[in-house]
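1. Quick one: sequence plus predicted model below, questions after.
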Amino acid sequence: MKAYEGIVHGQTIELTEAHGLIEGSRVSVILQPTVPVLQQWGEGLRRCAGILADSWTEEDDRILEEIAQSRHTGRNRDLDLDHDE
C-alpha cells in the first residue's frame, strides 16, 4: 500500500505519478485534501486577513469603506488617497 497525490477533475482523480496497477483494477480510495479546501468564495481571503492585522490602520478601513460605498451607488469617483491629512 502506498499513498499517491492526485488532481481531481470532476469524478476522475489524475494521479501525479505512476502507480503500477493494471488498467481496470479496483482500488480503495481515501480522500484527504493536501491543501485546505475553500468552502465558499472569499474564505481564503478571510483566512489570511490576520497577516495584516498588525499593520492595518483606520485609514485602510476608510479607503475600503469608500470603495464599498461607491460600488453600491454605482458611481465611479476618484478616491482621496492623500495620507497627509
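-> Okay, I see it.
2. okay, CA-based contacts and neighbour counts for the rest of this
-> OK.
3. which residues of the chain score low on pLDDT?
-> 36-39, 43-44, 46-47, 74-85 (pLDDT under 70).
4. Let's see that with 90 instead.
-> 1-3, 7-10, 29-58, 60-61, 64-85 (pLDDT under 90).
5. And the strands in it?
-> 6-9, 12-15 (DSSP state E).
6. Quick one: closest of the ones you listed to Gly42.
-> Among these, strand 6-9 comes nearest to Gly42, with 21.2 Å by C-alpha to C-alpha.
7. Could you pick out the longest helix of the chain?
-> Determined from DSSP state H, the single longest helix within the chain is helix 58-73.
8. helices or strands up against it?
-> Using 3 or more C-alpha pairs under 8 Å, 6 or more residues apart in numbering; DSSP states H and E, no helix or strand is in contact with helix 58-73.
9. Of all the residues in that helix, which ones are buried?
-> For helix 58-73, the neighbour count (16 or more other C-alpha atoms under 10 Å) marks no residue as buried.
10. relative to its centroid, which residue of this structure is most remote?
-> Distance from the centre of the chain peaks at Ile22, with 36.4 Å (C-alpha atoms, centre = their mean).
11. Would you check how far apart Leu15 and Thr57 are?
-> Between Leu15 and Thr57 the distance is 45 Å, computed by C-alpha to C-alpha, to the nearest Å.
12. Please read the previous query as pertaining to Ile51.
-> For Ile51, the distance to Thr57 equals 13 Å [C-alpha to C-alpha].
13. do the same with Gln32
-> 38 Å.
14. Same question for Gly6.
-> From Gly6 over to Thr57 the distance is 42 Å, taken as C-alpha to C-alpha.
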